[in-house]
Each structure stands twice: as C-alpha cells, then as structure tokens.
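Engineer: Following is a predicted model, sequence given first.
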Amino acid sequence: MSSSSDLTLIYVFGAILTGSTIVTCLLRLVRFDIGTLLSSKQGITISNVAGNVLDRFSHVLSVSDPLTPPTRSAAFSSRGYLETLPQRAGPRPSVVGTMNPRQTAQTVAGEKDLVDRLRAVIINTNTTYPHTTYLGRSTFEDGNITLFARHRVFDHNKYYGEILRADNIDGFLSMTLHPNDVRTIIEKGWGQRHPMSSRSASWLLHLQGQTQAYPTPSSRVVLYAPRSQEDLEAVEQIIHAAVWWVGGIDSRVVQESSC
C-alpha cells in the first residue's frame, strides 16, 4: 500500500514538473512578456478578476467577526501598551476586502494635510529609532508608507516583519500589535482585526510567499484613518504601541540611543 502511494506521489510531481517545463518553454518561444500584458487593458481586467476570485476564496479563511477581540492567551503576560487610549468618537467606518482590506467611509482622501501629518509621524518614528526600524522603499516612491522592524525576538524566533502600512491616499492603516492592544483598539472603536488574522489565513499567506511570520496571527489589525488632529494623536499612540511590540522599544521610558 505504501509502495503504491509513493508511486502516485512520484507521478504527480513528475506531471507538475513536466507541465511547468512545457509552459516555460512555450512562453519563451513566443517571447511572452507578462509585464506588457498586465499593463494592457486586457491585463488589468484579468488581474482584477483574479484578485476578486482570490479575495472571495480567502474570505472562507478570514476571521468570522473582525470586531470580536482575540481570546486572551497565557503566552502573553504583558497587559499591553494602550491602557490610556481614549474612546474614538462617532460610528465605525465600513471596511471591505479580505486580502487587502480598505476603508470606504470616513476616509481623509483629498485632505492632503492630514495624510502628510500622518506620514510625518511615521517618518519621525524611524528618525527617532533608526537602529530598530526602517522605512519601506514604497515610502520614498510616493506609494504606501511602510515601517519595518530591523530585529525583534519572540520566544527565540527572529522577526523582521512589517510594523505598519498606511495608505498614502486615505490614511487607512494595517499594523501588528500586542493581542491585548488589539482588544483595546476594538473596544475603543479605533480599528478591527485584519480579515487574514486567523490561523488558517496565515497558512495561505505563507503559501503565497509571505514568509514574514507574525508573532501571532491575532496580532494583525486594521486601523481607521484619522479624521482630525485629535484622532492623529491617538493613532500616534497606537503606532508607538506597534513599535514597542514589534521593535522592542518603549518610547515612554527609553530612547534608542540610550539602549
């Protein structure tokens, strides 16, 4: 029985390898340019359809209710960072999408000054902690604003992943927080769990090549765009919480230069 199973696996891998080789040779023969295709009208349509299909498929693996905080775990003894976070005023905005969620109401699109101030907060964070954080390339190319950790250890596992990403148009953010801080921002109305913060979804992201393992899948959140200076100050506090959790620097008690 075992021998038969082994032969089946060999046939399957052989078929995949042969098929991949044939497709590669055909694409080279006709000089297929994937970049040109994707930049064309037809390519954009194909890309959008493929994205919608993937989004619908990934929805099956997403968290059932993004407004339900993750369960408390004894593995994380700290109470979190955001114990003094104020309550957000007004109703929650609507958020759609699974792989790449986006805010569809209460955005600051068109309010360039507020987006620029959010951008400045993120860049200043990197300026303050240059040995702990670094800015993503997209930040300098007028794309989304991204902040990464240079080094952090979670239970002896090194993590060099993304601290946060902010939309450069409407100020919508995604970030990584301590699970107890995830609970706080949900209860205070500042955000919700990222749709792909379930354990099943983390496996899908891994298969896609996104190998930056999060400290725990439940630490991923999306944060609503700030609507005012008061909102921005609260968002800045949450950014400090993300740097503390992912980068290991507590801005309340220590400066990086004194470590």
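Structural biologist: Done, it's in. Numbering: from 1, shown residues only.

Engineer: For the stretch 151-259 of the chain, just list every one of the helices.
Structural biologist: 179-187, 199-207, 229-242 (DSSP state H, counting those that start in this stretch).

Engineer: What residues sit buried inside the last one?
Structural biologist: Of the residues in helix 229-242, those buried by neighbour count under the rule 16 or more other Cβ atoms under 10 Å are Asp231, Leu232, Ala234, Val235, Glu236, Gln237, Ile238, Ile239, His240, Ala241, Ala242. Where you see a C-beta, it was placed from the backbone N, CA and C, and this is true even at glycine.

Engineer: and the gap between the fourth one and Leu164?
Structural biologist: Between Val235 and Leu164 the distance is 10 Å, computed by Cβ to Cβ, to the nearest Å.

Engineer: list residues touching both of these two?
Structural biologist: Here Val235 and Leu164 have Leu173 as joint contacts, going by Cβ atoms under 8 Å, 6 or more residues apart in numbering.

Engineer: Thr146 bridge partners, please.
Structural biologist: Arg165 (DSSP bridges).

Engineer: if I read this right, it contacts Gly161, doesn't it?
Structural biologist: No - with contact defined as Cβ atoms under 8 Å, Thr146 does not reach Gly161; the gap is 10.9 Å.

Engineer: And those two? Which one has more around it.
Structural biologist: Between Thr146 and Gly161, counted using other Cβ atoms under 10 Å, Thr146 has the larger neighbour count: 19 against 16.

Engineer: need the contact list for that one.
Structural biologist: Leu135, Gly136, Ser138, Thr139, Glu162, Leu164, Arg165, Ala166.

Engineer: Tell me if the third one really is in a helix.
Structural biologist: Yes - under DSSP: H, G, I helix; E, B strand; the rest coil, Ser138 falls within a helix.

Engineer: quick one: which of the helices of the stretch 151-259 of the chain is nearest Thr125?
Structural biologist: Thr125 lies closest to helix 229-242 among these, at 6.1 Å (Cβ to Cβ).

Engineer: tell me which strands and helices that closest one is in contact with?
Structural biologist: helix 112-128, strand 162-166, strand 173-176, helix 179-187 (3 or more Cβ pairs under 8 Å, 6 or more residues apart in numbering; DSSP states H and E).

Engineer: Which secondary structure elements does the helix or strand just after the longest one sit against?
Structural biologist: Which is helix 112-128. Per DSSP states H and E, the first helix or strand lying C-terminal to helix 112-128 is strand 133-135. Applying 3+ Cβ pairs under 8 Å, 6+ apart, we find strand 133-135 packed against helix 112-128, strand 145-149.

Engineer: for the stretch 1-150 of the chain, what are the low-confidence residue spans?
Structural biologist: 1-62, 72-77, 109-110 (pLDDT under 70).

Engineer: residue boundaries of the strands in it?
Structural biologist: Using DSSP state E, counting those that start in this stretch, the strands found in the stretch 1-150 of the chain span residues 95-96, 102-103, 133-135, 145-149.
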